[in-house]
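# whatever this is, show me its structure:
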Amino acid sequence: MDLAIDKKENYTLVKINAEKLDTHIAPTLKSELVLISGNGEKNIIMDLSNCRYCDSSGLSAILVANRLCKNSDGKFVLSGLQDTVERLINISQLDSVINITSSVEQAEKQI
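You can find the predicted model right below:
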């Protein structure tokens, strides 16, 4: 499975287990995020520590998660970015919109 979803006490952890967050995974990720939000979850931590590549569809899925959390007055935190993915997020200026931490533990503290 490319995704692991773990519901915690006050947030849901979405871990991307694939090396690439691209058109093969993004649609599944988006539908899972909508389900999580639909179940009343407000806070999502997305762990990308295994992810070495992200394309525009992956960025789109990240933005969907961010918007769903914002709309429900929750928090979205991205954690464990690899250099290439972090560079893409910085270039697209999403780092000014999205909370980013280096680890899931740091992300938990923000929620």
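# report the central residue of this structure.
The residue lying closest to the centre of the chain (Cα atoms, centre = their mean) is M46, at 3.2 Å.
# quick one: L68 is in a helix?
Yes: under DSSP: H, G, I helix; E, B strand; the rest coil, L68 falls within a helix.
# burial of the spatially closest residue to it that is not a sequence neighbour, as a residue count?
Nearest residue to L68 in three dimensions, chain neighbours excluded: S37, at 4.1 Å (Cβ to Cβ, 6 or more residues apart in numbering). No exception for glycine: its C-beta is placed from N, CA and C like everyone else's. S37 has 20 neighbours, counted by other Cβ atoms under 10 Å.
# so what's S37 up against?
Contact analysis of S37 by Cβ atoms under 8 Å, 6 or more residues apart in numbering lists 68-69, 71-72.
# kindly export stretch 45-56 (C-alpha atoms) in CSV.
Taking Å, rounded to 0.1, in the frame of the first residue of the first chain, the C-alpha atoms of stretch 45-56 are listed here in CSV:
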residue,chain,number,x,y,z
ILE,A,45,-0.2,15.4,9.5
MET,A,46,1.2,14.2,6.2
ASP,A,47,4.6,12.4,6.5
LEU,A,48,6.6,12.5,3.3
SER,A,49,9.8,11.1,4.8
ASN,A,50,9.8,8.2,2.3
CYS,A,51,9.0,10.4,-0.7
ARG,A,52,11.8,11.5,-3.0
TYR,A,53,9.8,13.0,-5.8
CYS,A,54,6.6,15.0,-6.1
ASP,A,55,4.9,16.3,-9.2
SER,A,56,2.1,18.8,-9.8
